[in-house]
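A.B. asks: here's my sequence, what's the structure:
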Amino acid sequence: MTPSRLHFPPLALAMLSLILAVLAGLMRLGWAVPTIDARWMAAHGPLMVAGFLGTLITLERAVALGRRWMYAAAALSGLGGLLLLAGFPQIARLLAVLGSLGLVLIFVVILRRHLAAYTVTMALGALAWLAGNVLWLAGWSVPRLVPWWGAFLILTIAGERLELGRLVDLPPGARTAFGAAVALLGSGLLVSLAAFDGGVRIAGAGMVVLSIWLYRFDVARKTVRKPGLTRFIAVCMLGGYVWLAVGGLLGVVWGGVTGGAGYDAQLHAVFLGFVFSMIFGHAPVIFPAIMGRAVGYSPLFYIHLAFLHASLALRIAGDLLDAFLVRRWGGMLNAVALLIFLVNTVRAVLRSKNTLPFGKVSFSGDRPDA
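C.D. replies: Here you go, the predicted model:
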């Protein structure tokens, strides 16, 4: 299989994991999903993080660097999600460990080529994912290792946005402040190993500080004034930073909750509000990078973005008010937002007649308009 074809299996696994994770999440909220086994509800989080997000991020790195073994790392992560549903949890966890180890090795290659603050930040994110997966393999419960999975995504995105800092003149001390925020987040992870509640609160504080830094210094503050796709990406970034701050504040206030409304609010503010805002904004870049096919911008993109933020606000309001019915409907509308996103993205790909050189566009934002 040629490098330009190697992306299809892991991409298919990632998209299947996303669909199944959403259906499992709806079942967790009490919605009837006849085609989903009730035992799959516990796989909602691992499917979303390892099966979908981890696979997609690893795949993008593989496409950018063009090494065949890197595609295998992405496939292992995606396959692990499906084996979890098939009733082989230990094998699934082992494959998740191997997939995240593959991403760490990919960053070893990246760091040897280009050692910079942003590549180090993303490498730390990959290490956090690996650590979380090792804890999962060792038998730790998902709520206890969620901070590690969250740090994987937060540091990956933060590093990508820091890379774009070269397009703006950062003031003296800005990079030091960024490093301090990352260090605070990382210290929270380490503390959580021995004192989970305290560690979550410290990590939450790190998330708040990092969100403030990103909102203040991200190039999106300037590009939001430009038209078209450039503005849409910027709006996604800035909205995502607000949700990261919300998730961090909830972590500071509620600490290491492992279930109930507080747990739901913390997780979805970060994993849905922050992470999927980034995905929505970067989708017109991710898919060309992976598939070599342009995604034409459409103002319709604002529909799924608005739906995401409104439905998540409804869901978290339900959590804060301890109104399960409100949370339940917010979760259903979250799924609708993702469905609209997929429909709009597929529509944009099909309408586009432009093809791109395979692997020439990077998810990290090598674009002057990001």
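
A.B. asks: with adjacent residues omitted, what lies nearest to the most centrally placed residue in the chain?
C.D. replies: Centroid-nearest residue in the chain, with C-alpha atoms, centre = their mean: V275, separated by 4.2 Å. Once flanking residues are discounted, V275 sits nearest to L153: 5.1 Å by C-beta to C-beta, 6 or more residues apart in numbering. (C-beta placed from N, C-alpha, C; glycine too.)

A.B. asks: after the lowest-mean-pLDDT helix or strand in the chain, heading C-terminal, what element do we hit next?
C.D. replies: Least confident element among the helices and strands of the chain, by mean pLDDT, DSSP states H and E: helix 275-291 (a mean of 82). Of the helices and strands lying after helix 275-291 in sequence (DSSP states H and E), the nearest is helix 301-320.

A.B. asks: what's the end-to-end length of stretch 247-260?
C.D. replies: One end of stretch 247-260 to the other measures 15 Å (C-alpha to C-alpha, to the nearest Å).

A.B. asks: give the contact list for the residue nearest to the centre of the chain.
C.D. replies: For V275, the contact set (C-beta atoms under 8 Å, 6 or more residues apart in numbering) comprises 53, 153, 157, 240.

A.B. asks: go with 10 Å
C.D. replies: By C-beta atoms under 10 Å, 6 or more residues apart in numbering, the contact list for V275 reads 48-49, 53, 150, 153-154, 156-157, 240, 243-244, 247, 268.

A.B. asks: likewise for V343?
C.D. replies: If you count contacts by C-beta under 10 Å, 6+ apart, V343 has them with 300, 303-304.

A.B. asks: which of those residues sits closest to G260?
C.D. replies: When those are compared for distance to G260 (C-beta to C-beta), H304 wins out at 28.6 Å.

A.B. asks: coming back round to it: using neighbour counts, trim the contacts of V343 to the buried set.
C.D. replies: H304 (16 or more other C-beta atoms under 10 Å).

A.B. asks: how about the contacts of V343 in a markdown table, adding distance to F107 and pLDDT?
C.D. replies: A markdown table is the format used below for the contacts of V343 (distance: C-beta to C-beta, whole Å; pLDDT from 0 to 100):
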| residue | distance to F107 | pLDDT |
| --- | --- | --- |
| L300 | 36 | 93 |
| I303 | 36 | 96 |
| H304 | 31 | 96 |
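
A.B. asks: and the contacts of V343 as JSON lines, adding distance to V336?
C.D. replies: Converted to JSON lines, the contacts of V343 look like this (distance: C-beta to C-beta, whole Å):
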{"residue": "L300", "distance to V336": "15"}
{"residue": "I303", "distance to V336": "11"}
{"residue": "H304", "distance to V336": "9"}
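
A.B. asks: much appreciated, bye for now.
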